[in-house]
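Visitor: sequence unknown, structure follows:
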């Protein structure tokens, strides 16, 4: 089955700096890579995702890059703000054909702290 | 306008009891999931239902039984609760073609 490793487990940055979180995956058939943000006491919230036919995707201060050859993908947050502080999870899955469901395998999470 | 909702938010019970967690989504999605998040925040899928049919059933004790009365609901019933069942349980839903999964707020289960 799929195995997703995520680094670092904790990350502290100064407000305004950039934060980068990296994940690697094992299953070369994986084709969908979402990132989730989980605030304290809440459910994971999808913030950005990328599919295997794209190398990079950007949404305002958040960007994700995918290297299929090396089987790794990264989350980049620029101009960090205190409200970016949360646990971030990467995930990977294959599938999505008719009648099936995407079985997400999650990384172990990164606790991001943005210091004011 | 809640998308994925779960009840209850907190559940404290004693070992050996039977309990249920309810989940509802109003997104019109046809696939629903149950995840377990342990004390180290590791998220692992337990079950998935597509159009009321079970399609993912990970290695979960058979004390856990999901039930989907319709596409908008997926409930989780747990028999003979054990200390190790203490965790946060998340429901999620997706539209199979697009695949993005949206999570509920979670149910924190504490077994004493």
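Guide: Received the coordinates, thanks. Predicted, not measured: the structure shown is a model, and the values here were computed from it.
Visitor: and residue B:76, what does it touch?
Guide: B:20-21, B:23, B:34, B:46-47, B:64-67, B:89, B:91 (Cβ atoms under 8 Å, 6 or more residues apart in numbering or on different chains). (C-beta placed from N, C-alpha, C; glycine too.)
Visitor: do the same with residue B:21
Guide: Contact partners of residue B:21, counting by Cβ under 8 Å, 6+ apart, are B:6-8, B:11, B:75-76, B:78, B:89, B:91, B:107, B:109.
Visitor: which residues of chain A fall in strands?
Guide: For chain A, the strands defined by DSSP state E cover A:4-7, A:10-14, A:19-25, A:32-38, A:45-51, A:56-59, A:62-67, A:72-77, A:86-92, A:105-106, A:110-115.
Visitor: pLDDT score assigned to residue 68?
Guide: Reading this off chain A. Looking at residue A:68, its pLDDT stands at 93.
Visitor: my bad, the chain I had in mind was chain B
Guide: pLDDT at residue B:68 comes out at 91.
Visitor: out of the contacts of residue B:21, which are buried?
Guide: The neighbour-count test (16 or more other Cβ atoms under 10 Å in any protein chain shown) applied to these identifies B:6, B:11, B:75-76, B:78, B:89, B:91, B:107, B:109 as buried.
Visitor: how about TSV for the strands of chain A, with distance to residue B:83 and mean neighbour count added?
Guide: Output for the strands of chain A, formatted as TSV (distance: least, Cβ to Cβ, whole Å; neighbours: other Cβ atoms under 10 Å in any protein chain shown):
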stretch	distance to residue B:83	mean neighbour count
strand A:4-7	28	17
strand A:10-14	28	13
strand A:19-25	32	20
strand A:32-38	24	23
strand A:45-51	30	17
strand A:56-59	42	12
strand A:62-67	38	18
strand A:72-77	35	21
strand A:86-92	24	24
strand A:105-106	24	22
strand A:110-115	26	17
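Visitor: which of the ones you listed sits closest to chain B?
Guide: strand A:105-106 (4.3 Å; Cβ to the nearest Cβ).
Visitor: can you tell me the average pLDDT over the closest one?
Guide: If you average the pLDDT over strand A:105-106, you get 94.
Visitor: residues contacting it, please?
Guide: Contacting residues not belonging to strand A:105-106 are listed as A:1-4, A:25, A:36, A:89-93, B:42-45 [Cβ under 8 Å, 6+ apart].
Visitor: can you pick out the most distant pair from those residues?
Guide: Maximum pairwise distance among the contacts of strand A:105-106 (Cβ to Cβ): 19.7 Å, between A:1 and A:36.
Visitor: for residue A:94, which non-adjacent residue is spatially closest?
Guide: Spatial nearest neighbour of residue A:94, chain neighbours left out: residue A:29 (4.5 Å); criterion: Cβ to Cβ, 6 or more residues apart in numbering or on different chains.
Visitor: that's all I had, so thanks and see you.
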